[in-house]
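Q: prediction below, plus the sequence it came from.
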Amino acid sequence: MFAKVEKDTIGNITHAYYIFDKNANPDLFPGVLVNDGIVDNLIRDNSADVLTNYYFDNDYQAVMPKPDNPAVIDKATINPDGVDTATISGIPTNCIVTVGGTDYTVTDGLFEFSTNSPGVYTIVLGLFPYLQKTFEVTAG
């Protein structure tokens, strides 16, 4: 019995599986053998979303939990006047911020959002290996 993961070149886990056959040869299955008992149990028991919450660290050759994105937002409600701004700070360098299908690359740790249109806006932050982080801002 053993667990294996398949990954892309930077370490995103694309497949994770557990082989229950104690006579199976791990070399006959694709992917990287996982020797960590905790992650091995997560894969076997499906107790965590391994594809979303973990990554393969190529330096350590181990499956690791994705760290939280440290970004925070100062407020979740703004006036839809094009002036009032919600500011997200603590964003890791080169993080992709997506609002309404448009991507922005953050290089200075800050993202400011304002709008002239009332509504609820979803702001998604994504950067490997961090967990994806989502904020909602209501303009109105």
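A: Nice, thanks for sending it over. Residues are numbered from 1 along each chain as shown.
Q: next secondary structure after the helix or strand bottoming out on mean pLDDT in the chain?
A: Using mean pLDDT, DSSP states H and E, the weakest-scoring helix or strand in the chain turns out to be helix 37-45, at a mean of 61. Downstream of helix 37-45, the next assigned helix or strand under DSSP states H and E is helix 50-53.
Q: list the buried residues for whichever helix or strand comes after that following helix?
A: Where DSSP H and E defines the elements, the next helix or strand beyond helix 50-53 is strand 54-57. Going by neighbour count (16 or more other Cβ atoms under 10 Å), the buried part of strand 54-57 is 54, 55, 56. From N, CA and C alone the C-beta is placed, and that goes for glycine too.
Q: outline the domain layout of the chain.
A: 2-65, 72-139 (automatic domain parsing).
Q: endpoints of stretch 83-102, how far apart?
A: The straight-line separation of the ends of stretch 83-102 (Cα to Cα, to the nearest Å) is 20 Å.
Q: list the buried ones in that stretch?
A: Those would be 86, 88, 91, 95, 97, 99, for stretch 83-102 by 16+ other Cβ under 10 Å.
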